[in-house]
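Enquirer: build me a model from this:
(3 chains)
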Amino acid sequence: MANWLVKTEPDECSIDDFAANPDKPVVWEGVRNYQARNFLSDMAVGDEVFIYHSSCQHIGIAGIVKVVRAAYPDPAQFDPVSPYFDGKSTADKPRWQAVDMVLVDKLPRLLPLAEIKSLPGLHDLALLKKGSRLSVMPVSQAEWDVILKAV
DNA sequence: GCCAACGTTGGC
DNA sequence: GCCAACGTTGGC
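Expert: Numbering: from 1, shown residues only, chains lettered A, B, ... in the order given. From the prediction side, this is the model:
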């Protein structure tokens, strides 16, 4: 059992998209970075994940979702119409992975980035590392607890 | 819109 | 294998 954080632009997919249809798994596709992909592959069913809204007006952690289907080949990589299409990917040798997730809770308030930065014990969190662009990252139990407590 | 930081590509 | 050029990320 592990915890994670994923970034998303809310215009693309926000916590409200999870909340709008709580029984329908959201396909977390389009991750096109190898390190992030490897973390996706490490996710297990039942793992809980912070949803982080980036590149938007209200930047921060918006809610919690959980994995309901572990990593499988990202369907978008085979779809020529998709912006995530990858011509170098084949069915027997897929490059990219997706997971399915559903809502656990929308946080009662969005926890802003500035506030996350002020919390103790998060120095190792990739989110706060200078220049880090990692979009899928592990969150330790201690880090998870610190963040949750601050909400 | 700016720009620093990063990852990927491709020529050599 | 090196590294310059390029495209992308993402906070401000």
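Enquirer: tell me which helix or strand whatever residue of chain A ends up closest to DNA strand B sits in.
Expert: The minimum distance from chain A to DNA strand B, using Cβ to the nearest atom of the strand, falls at A:G131 (2.1 Å). Every residue, glycine included, has its C-beta placed from N, CA and C. Taking DSSP states H and E as the definition, A:G131 sits outside all helices and strands.
Enquirer: I'd say A:V68 and A:P25 touch.
Expert: Yes - between A:V68 and A:P25 there is a contact under Cβ atoms under 8 Å: 5.3 Å.
Enquirer: now the common contact residues for these two.
Expert: Contact criterion Cβ atoms under 8 Å, 6 or more residues apart in numbering; residues shared by A:V68 and A:P25: A:100-102.
Enquirer: could you look up the SS state of the residue of chain A most remote from its centre?
Expert: Residue farthest from the centre of chain A, counting by Cα atoms, centre = their mean, is A:D92 at 25.7 Å. Under DSSP: H, G, I helix; E, B strand; the rest coil, A:D92 falls in the coil class.
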